[in-house]
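Visitor: 3D model of this:
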Amino acid sequence: MNHDLIGIKELLKIQSNQINRIKFYTRIDNEKYLREHPEIEFIIQQFLVKLLEDQPRNCISYAGNFFHCTDFRTAYEKEIQQLLHASSEDKKVETIMEEKEEEENNSMKFKENNDII
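Guide: Below is the predicted model of the structure:
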């Protein structure tokens, strides 16, 4: 009877190792999938915002209706366009700031050169 317990413990240890290995590779696969599909983060974010705004009594039913009725493709494409527009605006501001900085540097150099003469 004692050797049966040892066998069971060893079997449980092997199973535990296999389960941990499966968990590890599943996490890696999930992370790869989420990185390949950034729209998932957008969908979850939209759901959480709406959930917290509305605070429904029945979250399960609310989630079913939300994911059934919401047009995520259009919302996601609109979000991407806004991000691209904001990014291009940021680049314009950066360019203007760089140009002003360059003008100030040139002005300082010109002033230094005139002070030397």
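
Visitor: contacts, neighbours, all on C-alpha from now
Guide: Will do.

Visitor: for whichever strand or helix holds Tyr33, packing partners?
Guide: Element membership for Tyr33 (DSSP states H and E) is helix 2-36. Helices and strands touching helix 2-36, as assessed by 3 or more Cα pairs under 8 Å, 6 or more residues apart in numbering; DSSP states H and E, are absent.

Visitor: how far away from the center of its chain is that helix?
Guide: How far helix 2-36 lies from its chain's middle: 28 Å, per Cα atoms, centre = their mean, to the nearest Å.

Visitor: again, but for stretch 28-42
Guide: That offset, for stretch 28-42, works out to 9 Å (Cα atoms, centre = their mean).

Visitor: cool, and stretch 71-80?
Guide: 16 Å.

Visitor: kindly export that stretch (C-alpha atoms) in PDB.
Guide: Presented in PDB, the C-alpha positions along stretch 71-80 are these (Å, rounded to 0.1, in the frame of the first residue of the first chain):
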ATOM      1  CA  ASP A  71     -20.300  47.800 -34.800                       C
ATOM      2  CA  PHE A  72     -16.700  47.400 -33.700                       C
ATOM      3  CA  ARG A  73     -15.200  47.500 -37.200                       C
ATOM      4  CA  THR A  74     -16.500  51.000 -37.900                       C
ATOM      5  CA  ALA A  75     -15.600  52.200 -34.400                       C
ATOM      6  CA  TYR A  76     -12.100  50.800 -34.600                       C
ATOM      7  CA  GLU A  77     -11.400  52.200 -38.100                       C
ATOM      8  CA  LYS A  78     -12.600  55.600 -36.800                       C
ATOM      9  CA  GLU A  79     -10.300  55.300 -33.800                       C
ATOM     10  CA  ILE A  80      -7.300  54.500 -36.000                       C
END
